[in-house]
Structures are given as structure tokens and as C-alpha cells.
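>>> Here is a sequence together with a model predicted from it:
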Amino acid sequence: MADGLYIGMTAAVARSAQLDAVADNLANAQTVGFKAERASFETFLASNATPDTDKRSVAAVATAIDLRPGAMTNTRNPLDVLPQDNSWFVVKTDQGVAYTRNGQLKVDSDLRLLAGGFPVLDRGGAEITLPPNSPPPTIDAQGQVRVGQDLLGELDRVTLEGQVERRGEGIYGLRSGEAVQSTAAIQTGVVELSNSNALQGAIDMISAQRNFESAMQALQTYRRMDDKAIEVGRTR
Amino acid sequence: MIRSLYTSATGMEAQQLKMDVISNNLANASTTGFKKARAEFEDLLSDTLRSAEAPQPNGNTRPSPLEVGLGVRTGSTQRSFGQGDMINTNNPLDVAIEGQGFLRVVRSNGELGYTRAGNLRVDADNRLVTQAGELVDPAITLPAQTTTVSIRTDGTVLAEVQGRAEPMEVGTLELTMFANPSGLQALGGNLFSVTPASGTALNVRPGEMGSGALRQGFLESANVKAVEEMIDMISTQRAYELNSKVIQTADQMLQRLTNLR
């Protein structure tokens, strides 16, 4: 009987982890370049159990990042750029090279070009710095950043082939695999919205809640059965 | 689950800020030379519940971890310096800039300010000033008996004076450009000031290096598009509602949990 209680508990824990993931996806519904995460579940057997005992627990075992592109919106801002073909900009962080789809380029006080708050790198892996006394830069479809006629560098973009991990602030890294340089065209004046889908979020939320409730119902049933067992054993 | 309560709260806060920015944009939809802003968000670092290398209950390891993000935070608000629409006013002292330059003025504290609002006027000393009375830099003084003022696209200001056949050149309006206009600091009153992030001021004649020609008799309206702001407002409201729904759901689940006993 105790087994059932614990199996119900694992289900409830797994579903609350799912709700946490949904909450995060919906909180980032308006974050440019955000990629939604989904919890995945797996059944497991207690370590001393044999497969034929038929008591399986459930656990949220991993979260997968949904790398599909989000919707695009037109901003007409010359420094909003987005590489096509689902490729990524390369940025330099304290933890080394990372990747972002947040192409709302900004300039810091050293006049370095930033993507997602980190210096964006050119084809040669160098930062791009604007000359201080100049008109605003322009970026063409090949990712070439120019001030007037002077070429400052070509924005690097890569496709990620391997396990992508999330590092926060719109920055993603590679856990394994490699980043392959791509020649994808660069669109200017557009940003990619979050790919977290409100409908998917609402459905996941309902399913997490209902599954949680059934686990709770099971727990309650076990509790009542335990109560009955105690009653039977009670001497009058 | 407690985590999702706080995660959704960050989401609601972010949507609130976005709504504030939208309402400011809409409030300034008919402010001359106003440049709309937008709120930019960043996702927060993930909480790793189980790392990729950690053994599973069944003894195996997984290629991917169990990590849950902790919501969103507001990164910054960014101003968009896109061109606004040109409005014909037929007022000879109205100038619109058809490009990326800014008019340079002297603020009341003596420092320089930059503006896109070209609704100029003449003060008591016949000098060209902005609507708020800041002197245009370099200063331009009109002769006392001026009948008509014309401003050429290259910034030359000509005055026709009573009793003279030829119009006389009284000065030149200059424009200033910045490497990163979004880095400018907004001072209110349509004025901006230079910051390290904007780059240093590059003073040019109108029309040079893409600074833009001056159009006399026109004003640049705000670059706020009402439709875009309305769409943003709808999506912001819906995102806010969804986040509050998550809080409700988490609350109901917690309630269910407390009722277990």
C-alpha cells in the first residue's frame, strides 16, 4: 500500500515541475529570441523491483529546448537583424563563445556592437567596434557592417548541430556537437519573437493541473484505505 | 510549483512595464519629433534540477538535463529612431529632417542638446529658438525688418528684409549625427543629450553623410504607429492574463495539496 502512496507522490512532483516549465515559457512570451522548454517524463522502477512487479513511478527527467523559429515582426530598426535558416549569431561571454537569436543589436559605452548584451563576433572571431565620430552603421544582407563605405566586419552566423543548452539572457550554448559556419542571409529591420506558444502553454498548464489532481485523488484514496485498515485492526 | 508562482510574477511585471512603454508611446502619438520606445526582455538563468550527468533512478544517465527557467527580466528600453511621417504646415519656421541628423541647441544650463523637433520660432531678440526657447547652435539672428525667411535643404537661412531686393544669408542650420542614436539620453521636452554609448557628436551640413536634407514648411510627426501599438497592447494584455492564469493554477494545485490531510 505504501508503494502506491509514493508512486502518486512521484507523479505530483513531476507535474509540478511541468507547471514550472510552462510558467517560464509563458513569462517569456514576449522575450525576443526566446526558445520554449518542455519537460519530458519517464517511468522508472524502484531499484530493488523486478520488471514484472508492475509498479512504475514517473519522473520529469529532462527538459528539451524547442529550437523552432518564432514568429517574426517588422520593426524597421536598422540595428534589428536576424539570420535566416534558423542560424545563430555568435557572441563572446565570460564562459566562452555562445549563440543568440536575439538580433536587437545595441552599442555599449566602448561602442562595441552587442547582441543579447554580449559583444557580437565577426567572421574572424573579433568584436566589432564602431568608430566614435561617425554616422550610424548599416548592415546588409551578407551581414557586412559598414559606416559610410568603410567595412567594419561581417557578422558571423552559425548553425548549431548538437545539444543546445540555455544560459539565460537569450544566450544559448552547445553542450556537445559543433557550430557550423553558415552563409545564411541576414534580414534587417525584423526581430524574432518568442517561440513559446500561448495555446501550447495553456494546454500544458491544464494537463499539468489535471494530472496533478488525479495524483492527489489517488493519494487521498490510499489514505482512506489506510484509515480503514487501521479501523479493522482496532479493538473495541 | 512555488517556483512557478514567482516565475509568473516576473512575467506579469514584465508585461506591466511593456504596457507602460506602450501607453507613453500612444500618449506622444502627436508629439512633433517624438521617437517611440520599446521594452526589451531577457530570460532569467535556469534552475538546474538535475544535471545531464546525474544518474537516473534506474542507474542510467541522460544526455540532457532537467532545468527550468526562472522567468523573465526587463533588459532595457530602447528608442527607435526611424523616420516619422512628414506633415505639411506651410509655416516658414518649421523644418523637418529627412535623415538621421539632429538639430543642435543650447540648453538652459549651457550644455548642448539634440532634437528632431524642428518647430522653430523667433525670440524677443530675433534669434531662432526651439519651442521651449533653447537657442539653435550656431546662433542665427534675423535682421529686424525681416519679412520672409527661407531655409534651404542644405541648411542655409535666407532673410528677405524690407527695402532690400536680394535676400541676405543670415546663417546656416547644422545637423549632428551619432554612431548609435539609441544610446542618446532622453531629457524630455524632445531633447536628447550625448552619452558614452551614443558615440561623440559629428557635426555636418544638412544632406552630408546621410544626415538628411531640411524641409522647410514641414514637421516630422512621432514615429508611433497606432496600429502597431494596439497590436502590442493586445498581445501584452493576453500574455499578462496567461501569466496570472498560471499563478491561479499553481494556487489551485497547492490548495489541492493542503486539502490532502
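Noted; the coordinates are in hand.

>>> Could you give me the buried positions within the longest helix along chain B?
Counting residues, the longest helix found in chain B (DSSP state H) is helix B:226-258. Judged by neighbour count (16 or more other CB atoms under 10 Å in any protein chain shown), helix B:226-258 contains these buried residues: B:228-229, B:232-233, B:235-236, B:239-240, B:242-247, B:249-250, B:253, B:256-257. Every C-beta, even on glycine, is put in place using the N, C-alpha and C of the backbone.

>>> Same question for stretch B:160-169.
Across stretch B:160-169, burial judged by 16+ other CB under 10 Å covers B:160-161, B:167.

>>> Now distance to chain A too, for those residues, in a markdown table please.
Formatted as a markdown table, those follow (distance: CB to the nearest CB, whole Å):
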| residue | distance to chain A |
| --- | --- |
| B:160 | 34 |
| B:161 | 36 |
| B:167 | 31 |
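
>>> Tell me the predicted confidence for the residue in chain A that chain B sits nearest to.
For chain A, the residue closest to chain B is residue A:27, as judged by CB to the nearest CB, at 2.9 Å. On the pLDDT scale, residue A:27 is placed at 91.

>>> I'd say it and residue B:6 touch.
No - checked against CB atoms under 8 Å, the pair residue A:27 and residue B:6 is beyond contact range at 9.6 Å.

>>> and for these two, which residues touch both?
Both residue A:27 and residue B:6 are contacted by residue B:71, under the criterion CB atoms under 8 Å, 6 or more residues apart in numbering or on different chains.

>>> The two: who's more crowded?
Neighbours around residue A:27 and residue B:6, counted as other CB atoms under 10 Å in any protein chain shown, are more numerous at residue A:27. The numbers are 36 against 16.

>>> wait, does stretch B:108-125 contact chain A?
No - Stretch B:108-125 stays clear of chain A (CB under 8 Å from any CB of the partner chain), getting no nearer than 13.6 Å.

>>> on that earlier part again, now the buried residues of stretch B:160-169 as JSON lines including secondary structure and pLDDT?
Shown next, in JSON lines, are these (DSSP: H, G, I helix; E, B strand; the rest coil; pLDDT from 0 to 100):
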{"residue": "B:160", "secondary structure": "strand", "pLDDT": "89"}
{"residue": "B:161", "secondary structure": "strand", "pLDDT": "87"}
{"residue": "B:167", "secondary structure": "coil", "pLDDT": "87"}
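
>>> Quickly name whichever of those residues is closest to residue A:114.
Checking the buried residues of stretch B:160-169 against residue A:114 by CB to CB gives residue B:167 as the nearest, at 48.8 Å.

>>> how far away is that closest one from residue B:152?
Separation of residue B:167 from residue B:152 (CB to CB, to the nearest Å): 11 Å.

>>> Kindly report the same for residue B:174.
Residue B:174 is 13 Å from residue B:152, by CB to CB.

>>> ok, those two, which is more surrounded?
residue B:174 (19 against 16).

>>> In this structure the more buried one contacts residue B:204, no?
Yes - counting by CB under 8 Å, residue B:174 touches residue B:204, with 7.1 Å between them.

>>> Flag the shaky bits of chain A, pLDDT-wise.
Residues of chain A meeting the criterion pLDDT under 70: A:1-2, A:45-55, A:236.

>>> Quickly list the domain ranges of chain A.
Following automatic domain parsing, one gets these domains for chain A: A:2-68+A:196-233, A:72-192.

>>> Redo those as TSV? Include distance to residue B:209.
Listed next are the domains of chain A as TSV, based on distance: least, CB to CB, whole Å:
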stretch	distance to residue B:209
domain A:2-68+A:196-233	30
domain A:72-192	5
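
>>> Show me the one of those that comes nearest residue B:64.
domain A:2-68+A:196-233 (4.4 Å).

>>> what sits against the residue nearest the centre of chain B?
For chain B, the residue nearest the mean C-alpha position is residue B:79 (2.7 Å; CA atoms, centre = their mean). With contact taken as CB under 8 Å, 6+ apart, residue B:79 is in contact with B:35-37, B:181-182, B:184, B:186.

>>> what's the answer for residue A:120, then?
Residue A:120 makes contacts with A:89-91, A:105, A:113-114, A:127-128, A:155-156, as judged by CB under 8 Å, 6+ apart.

>>> hang on, residue B:21 in a helix?
Yes - when DSSP: H, G, I helix; E, B strand; the rest coil is applied, residue B:21 is found to be in a helix.

>>> before we move on, the earlier item: near chain A too, which of the contacts of residue B:79?
When contact is defined as CB under 8 Å from any CB, the contacts of residue B:79 meet chain A at B:181-182.
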